[in-house]
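*Asks:* Turn this into a model:
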Amino acid sequence: MRYPLVPLVNELTFPLLFFWFCLPFVMLLIIAIIWLQLLLNEGKFLGFYWGAGKEFFYAEADRKF
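*Replies:* Below you'll find the model as predicted:
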């Protein structure tokens, strides 16, 4: 097998390859963090999303089911 004349990874191409290799994982991590924050804060914003006032939200939150 013949080797390429110019190696794919050298001191010039390594940062670029590293960036493009890590970018999808970083994007997935950011999306997962945002998604988990939305899931954890879902109960806090129900009153806001449904157009109810703060009094309604706190009354519903204090009720024991």
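
*Asks:* Next, the buried residues of stretch 35-42.
*Replies:* The neighbour-count check on stretch 35-42 (16 or more other CB atoms under 10 Å) flags nothing as buried. Any C-beta I mention is one placed from the backbone N, CA and C, and that applies to glycine too.

*Asks:* Only alpha carbons, please: show that stretch as PDB.
*Replies:* Presented in PDB, the C-alpha positions along stretch 35-42 are these (Å, rounded to 0.1, in the frame of the first residue of the first chain):
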ATOM      1  CA  TRP A  35     -33.600  20.100  26.900                       C
ATOM      2  CA  LEU A  36     -32.900  19.000  30.400                       C
ATOM      3  CA  GLN A  37     -33.300  22.500  31.700                       C
ATOM      4  CA  LEU A  38     -36.600  22.800  29.900                       C
ATOM      5  CA  LEU A  39     -37.800  19.500  31.400                       C
ATOM      6  CA  LEU A  40     -36.700  20.400  34.900                       C
ATOM      7  CA  ASN A  41     -38.300  23.900  34.700                       C
ATOM      8  CA  GLU A  42     -41.500  22.600  33.000                       C
END
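
*Asks:* Mind checking the pLDDT average for it?
*Replies:* Averaging pLDDT along stretch 35-42 yields 86.

*Asks:* got it, and stretch 8-22?
*Replies:* Across stretch 8-22, pLDDT averages out at 91.

*Asks:* List the buried residues of the lengthiest helix in the chain.
*Replies:* Taking DSSP state H as the criterion, the chain has its longest helix at helix 14-40. By neighbour count on 16+ other CB under 10 Å, the buried set for helix 14-40 is empty.

*Asks:* Quick one: list the elements packing against that helix.
*Replies:* Judged by 3 or more CB pairs under 8 Å, 6 or more residues apart in numbering; DSSP states H and E, helix 14-40 is in contact with no other helix or strand.
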